[in-house]
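Trainee: Whatever this is, show me its structure:
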Amino acid sequence: QDFTKKANVYAPIKGRVISLKESTDPVFSNGKYGDGVAIMPETNLVVSAAEGRVESISQTKNSVTIISDEGVEIIIHIGINTSELKGKFFEVFVSEGDRVRVGDPIIEFEKNAIELRGYSLITSEVIANSSQYASIKKITDFALEQKPLIEIW
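Mentor: Numbers count the residues shown, from 1 in each chain. Next up, the predicted model:
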């Protein structure tokens, strides 16, 4: 693979962008799963962040991994500890192995119902194969669906 080429990862949801460290997500904030960003969502629909293939969907419906056509492994994880909801309030529109394009609906969630139960909906977008790239950087402080959010090379 040619890693000199730049790739963009798109925003999966609209909202203010913060660093993973600020997200307080115990799973992703330490960078163990890769570099990326966190988004404070203003809407309730997660869309595909790349053109590629759905690699996996968590059983609890709050997380999806997409592998872009350039080979970028993108984890989109909705909320903090929302797996405790065991899929309640989440609806998934894709299956493992599906081809997706930027902006295709992936997961819809009931924002109010989840927040009423005390969960944060901070959504992490993590590049799982970060170590293969020289640079992963956020390119905006406000995420808009179908607009580039992370630049990779």
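Trainee: only C-alpha atoms for contact and neighbour calcs from this point on.
Mentor: Will do.
Trainee: ok, how many other residues are close to Glu145?
Mentor: 20 (other C-alpha atoms under 10 Å).
Trainee: just Val92 next, same as before
Mentor: Per other C-alpha under 10 Å, the neighbour tally for Val92 reads 17.
Trainee: thought it was touching Ile106?
Mentor: Yes - assessed by C-alpha atoms under 8 Å, Val92 is found in contact with Ile106 at 5.9 Å.
Trainee: Verify the contact between Asp141 and Lys14 for me.
Mentor: No - applying C-alpha under 8 Å, one finds Asp141 not in contact with Lys14, separated by 10.8 Å.
Trainee: Those two: which has the busier surroundings?
Mentor: Taking other C-alpha under 10 Å, Asp141 and Lys14 do not tie; Lys14 has more neighbours (21 against 14).
Trainee: Which residue, other than its chain neighbours, is closest to that one?
Mentor: Leu144 (4.5 Å; C-alpha to C-alpha, 6 or more residues apart in numbering).
Trainee: Ok, Trp153 next?
Mentor: Lys6 (4.5 Å).
Trainee: for the one you found, what are its contacts?
Mentor: Lys6 makes contacts with Glu151, Ile152, Trp153, as judged by C-alpha atoms under 8 Å, 6 or more residues apart in numbering.
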